[in-house]
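Participant: Got a sequence here, can you model it:
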Amino acid sequence: MSVHSLIKECEFLQQKISGDLNIATLRVFLSVAVRGTCTQKDVEEELGISNASCSRNVSYWCDVKYDRTKGWNYIARVEDKADRRFKSLTLTKKGKAFYEALSEVAPTLKALASAKVAAAKLLDGNSKVDGHDNSRGI
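Facilitator: Residues are numbered from 1 along each chain as shown. Got it, this is the predicted structure:
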């Protein structure tokens, strides 16, 4: 996935799911993505969230959300045939592409954020960056 495609995907997420995507929901996606395949219980324990919270947040990333509306289809959730309480989670093709794209641009985003902070400090003129006194615009 190119940076342009990633930006379009993030814009889609922002427009389509504006109020639904929060840090807890993103943490659930990343927990599954890092593990590859895991159970919903694994995610609950790792993030320290309740079963209900985990289930709701996972549902956004699945094909059908908890309220039976269309989900984002980034995570496949499969119930255990012997015990429906256990659910296996894995990334879909779309979810893998999104996670790979996030992984590729993460260092760039981190560098951009650091550059923005450094630039703000330079503009404020009240800090030293790289050991130089920037208060005089030097």
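
Participant: for the chain, what are the low-confidence residue spans?
Facilitator: Scanning the chain with the threshold set as pLDDT under 70 gives 1-20, 105, 108-121, 124-138.

Participant: all strands of it, in order?
Facilitator: In the chain, the strands defined using DSSP state E lie at 37-39, 75-79, 87-91, 128-129, 132-133.

Participant: want to try TSV for those, with mean neighbour count and distance to Ser59 as columns?
Facilitator: In this view, the C-beta of every residue, glycine as well, is placed from N, C-alpha and C. Formatted as TSV, the strands of the chain follow (neighbours: other C-beta atoms under 10 Å; distance: least, C-beta to C-beta, whole Å):
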stretch	mean neighbour count	distance to Ser59
strand 37-39	16	15
strand 75-79	16	8
strand 87-91	19	11
strand 128-129	12	45
strand 132-133	10	51
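
Participant: Leu26 is nearest to which of the ones you listed?
Facilitator: Closest approach to Leu26 among the strands of the chain (C-beta to C-beta): strand 75-79, 12.2 Å.

Participant: what's in contact with that closest one?
Facilitator: 29, 32, 40, 58-59, 61-63, 86-92, 95 (C-beta atoms under 8 Å, 6 or more residues apart in numbering).

Participant: Noted, bye for now.
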